[in-house]
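# Predicted model, plus sequence, below.
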Amino acid sequence: MDINKREKEGVIIFDIDGELKRSDITDITIHQMVKDELDEGKRNIILNFDKVKFIDSFGVGEILASYISTHNLGGKLKLVKLSQKLFVVFQVTGLTNVLDIVDDEALALEKIIAD
């Protein structure tokens, strides 16, 4: 799994590439990367799942922990470009009622900036 960070209109965007599972975690997790941005005062974050093919329970936990950390500091976390397969994982866990999942990055940026 590779994660690339970029910034657009003051919003941090993490482009995730690969499978989001425990066995692929090296030194840093998505949650740790989100926390690092929060520690630097960034409050608006998008996780781009365009190139994610698989997520396990560890990965779901990482996303939920990232959401909680962001939400607790008054920030916004959006998930974009989930495949139908990944969307079903979040739907089955009930997290589609908690997480803000958007099809398009431009729409997610618009929603974050408008709030």
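Noted; the coordinates are in hand.
# Point to the residue nearest the middle of the chain.
Centre of the chain computed as the mean C-alpha position; nearest residue by C-alpha atoms, centre = their mean is residue 47, 3.1 Å away.
# Which helix or strand contains that residue?
strand 44-55 (DSSP states H and E).
# That strand pairs with which strands?
strand 11-20 (parallel), strand 76-80 (parallel) (DSSP bridges).
# The protein: helices as residue ranges?
Taking DSSP state H as the criterion, the chain carries its helices at 30-39, 57-72, 84-92, 105-114.
# would JSON lines of the ones you listed with mean neighbour count and mean pLDDT be doable?
Where C-beta positions appear, they are placed from N, C-alpha and C, glycine not excepted. Shown next, in JSON lines, are these (neighbours: other C-beta atoms under 10 Å; pLDDT from 0 to 100):
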{"stretch": "helix 30-39", "mean neighbour count": "17", "mean pLDDT": "96"}
{"stretch": "helix 57-72", "mean neighbour count": "18", "mean pLDDT": "96"}
{"stretch": "helix 84-92", "mean neighbour count": "14", "mean pLDDT": "95"}
{"stretch": "helix 105-114", "mean neighbour count": "15", "mean pLDDT": "94"}
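# so which of those comes closest to residue 20?
helix 57-72 (3.4 Å; C-beta to C-beta).
# Against which helices or strands is that closest one packed?
strand 11-20, helix 30-39, strand 44-55, strand 76-80 (3 or more C-beta pairs under 8 Å, 6 or more residues apart in numbering; DSSP states H and E).
# With distance to residue 103 as added columns, please give these in JSON lines.
Compiled in JSON lines, the helices and strands packed on helix 57-72 are given as follows (distance: least, C-beta to C-beta, whole Å):
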{"stretch": "strand 11-20", "distance to residue 103": "15"}
{"stretch": "helix 30-39", "distance to residue 103": "20"}
{"stretch": "strand 44-55", "distance to residue 103": "11"}
{"stretch": "strand 76-80", "distance to residue 103": "7"}
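# beta partners for residue 19?
residue 54.
# how near is it to residue 51?
10 Å (C-beta to C-beta, to the nearest Å).
# Redo the helices of the chain as JSON lines? Include distance to residue 8.
Below are those laid out as JSON lines (distance: least, C-beta to C-beta, whole Å):
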{"stretch": "helix 30-39", "distance to residue 8": "14"}
{"stretch": "helix 57-72", "distance to residue 8": "17"}
{"stretch": "helix 84-92", "distance to residue 8": "22"}
{"stretch": "helix 105-114", "distance to residue 8": "6"}
